[in-house]
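Participant: sequence and predicted structure are below.
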Amino acid sequence: MHAFVLRVLLLMVVGCGEDSLEWLQEEASDCPEQPVMRLGAAPSAAVVLNAYYLQEEAARDLRRGRTESPAVEETLAKASALGAWAVRTAGYNDAADKRGDSAIQVAPLRYDEVSLRGLDLVLTRASAHGVKLVLPLGNYWDAYGGTRRYVEWAGLPAPVEGDARFFTERAVIDHYKAHIARLLSRVNTFDGLRYGEHPAVLAWELLNEPRGKGLDVEGVAMRAWVDEVATVVKEFAPGHLVGTGEEGFEGGSSFRRNTASPFIDFASVHFYPEAYGVRRDDTARAGAHWFSEHATIARDLGKPLFIGEFALRNREGFSPDERRAMYRGWFRCAWRIGAGASGPWMFANDARPDEWDDFTFYYRDGTVPADPRNRYADLIVEAAALSGKR
């Protein structure tokens, strides 16, 4: 105990020195070695890059009369070049302010064909680049429509972000299920393949970051929703993996209860220590514990763990070297615990302004991955080279 306290004090004194960086990396990778649980055909501890914007960029380019999307081509080509196994990107767009631009569903079960063709293009080009896709089917948050949009469409009063009625109101649930059935039944206009059978898809997620605010604390209502909606995905995409897309919390949305669903193929966690209120000095070890503890629960249930998102803010809290040390340690932790895959947030194409997201990293044209302007691209290469070696 005294030795640990001394090390913490030294860390505070030496700041970004080499010893402190090694200590951060050691804390972040302080995970017990556990058996490998693979995510489908992916190698163990595969790297999945988050690039949520691909359908939006593709739809805008098609609407301009282009036959391809430079942003989609760049992102997928660079993901492949860095060794990423897959890209996690939005399989939804219900935003009212993007109607006529990139919104897919513009009214209940009414669709913009050009925007749908944008998603067609993403699927087709992912196959061409040899990159798989993880596709959330909706969003808990307001971005790109979210749960609030479905509650609005149902005509319910006073909809809010993360509206709990999305998970409990029969009209809303039935609408969401019908939308999923239609989407997965769509035949891609570029390659003639049905979404539910498309070889580019590694997995579908029921929702991005569903939370149980306003639901029963045990997570019974959320589990009922998971079972019902996942059954539809299984029916229309029988060859694809299905996950919840959750962050890993207990209380309202129960990680253990949801992962135990017979219709869910893998466990899902996210980790944003600054948003979750983790103390600065505890951050590295907190990430390691979050990953390893959830991997243990998932393994007990016979399922692999997908660390769908994790990130540290670029412009506050930690120095670039401290962030790099923790990212390197967390990738190592994912490998040690036998995670199915891990997905740092958020990989940007060169034209995407840095200030659009607090967590961007790049692989800029004309650079090598280790160029400091790319932030973490070389760490992706390292993690990708490590994956599959267990």
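Facilitator: Happy to help now that I have it.
Participant: can you tell me the closest non-neighbouring residue to residue 229?
Facilitator: Nearest non-adjacent residue to residue 229, counting by C-beta to C-beta, 6 or more residues apart in numbering: residue 206, 5.2 Å away. Using the backbone N, CA and C atoms, a C-beta is placed for each residue, glycine as well.
Participant: actually residue 182, sorry about that
Facilitator: In space, residue 182 is closest to residue 109, 6.6 Å off (C-beta to C-beta, 6+ apart).
Participant: over to residue 105?
Facilitator: residue 94 (4.8 Å).
Participant: how about residue 335?
Facilitator: residue 45 (4.2 Å).
Participant: other residues contacting the helix or strand in which residue 76 is found?
Facilitator: Using DSSP states H and E, residue 76 falls within helix 70-82. With contact meaning C-beta atoms under 8 Å, 6 or more residues apart in numbering, helix 70-82 is reached by 47, 49, 51, 53-54, 57-58, 61, 87, 121-122, 125-126, 128-131, 347, 349-352, 363, 369, 377, 380-381, 384.
Participant: equivalent analysis for stretch 149-161, please.
Facilitator: 94-96, 107-108, 138, 141-142, 146-148, 163, 165-166, 169, 171-172, 175-176.
Participant: one more: stretch 208-219?
Facilitator: Residues lying outside stretch 208-219 but in contact with it, judged by C-beta under 8 Å, 6+ apart, are 90, 136, 138-141, 162-164, 167-168, 221-222, 244-247, 249-254, 257-258, 270.
Participant: can you turn the buried part of those into a PyMOL selection?
Facilitator: Per 16 or more other C-beta atoms under 10 Å, the buried members of the contacts of stretch 208-219 correspond to this PyMOL selection:
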select buried, resi 90+136+138+139+140+162+163+164+167+168+221+222+244+245+246+247+249+252+253+254+258+270
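Participant: wait, residue 112 touches residue 99, no?
Facilitator: Yes - contact criterion C-beta atoms under 8 Å: residue 112 and residue 99 qualify, at 7.4 Å.
Participant: what about residue 366, neighbour count?
Facilitator: 6 (other C-beta atoms under 10 Å).
Participant: SS state for the residue nearest the centre of the chain?
Facilitator: What sits nearest the mean C-alpha location of the chain, by C-alpha atoms, centre = their mean, is residue 308, with 3.9 Å. Counting by DSSP: H, G, I helix; E, B strand; the rest coil, the backbone at residue 308 sits in strand.
Participant: test my guess that it contacts residue 269.
Facilitator: Yes - at 6.9 Å, residue 308 counts as touching residue 269 under the criterion of C-beta under 8 Å.
Participant: from residue 178, how far out is the residue nearest to residue 182?
Facilitator: Using C-beta to C-beta, to the nearest Å, residue 109 is found at 6 Å from residue 178.
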